[in-house]
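J.: Fold the following and give me the result.
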Amino acid sequence: MTDHWKVAVDPRVCVRTGLCVASAPAEFEPDRNGRGRARSETLPASEAVLEVAESCPIEAISITDADTGKRIFPPEP
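T.: Residues are numbered from 1 along each chain as shown. Alright, predicted model coming up:
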């Protein structure tokens, strides 16, 4: 596993709870419609980013390994 993840928030799924922005403001910000988004397509791998993704009530956040493309969250079925 690398030390960087590709993080994406699906704007079609996000319901604007603001949890990601409130929990990790250094990594997430609201878009112009109030939906959460990662501040950068690639973020440093961290427990905080994983916890935010796991806390999203509708799993709108996906995380993949930036080097291998392996899915980190949500886990493979």
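J.: Stretch 36-51 spans what distance, first to last residue?
T.: Length of stretch 36-51, first residue to last, Cα to Cα, to the nearest Å: 15 Å.
J.: Just list what the helix ranked longest in the chain packs against, helices and strands only.
T.: When the chain is parsed with DSSP state H, its longest helix is helix 47-55. Applying 3 or more Cβ pairs under 8 Å, 6 or more residues apart in numbering; DSSP states H and E, one finds that helix 47-55 contacts strand 4-9, helix 19-23, strand 61-65, strand 71-73. All C-beta spots, glycine's among them, are computed from the backbone N, C-alpha and C.
J.: would TSV of those with mean pLDDT and distance to Glu54 be doable?
T.: Below are those laid out as TSV (pLDDT from 0 to 100; distance: least, Cβ to Cβ, whole Å):
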stretch	mean pLDDT	distance to Glu54
strand 4-9	98	13
helix 19-23	96	11
strand 61-65	97	9
strand 71-73	96	7
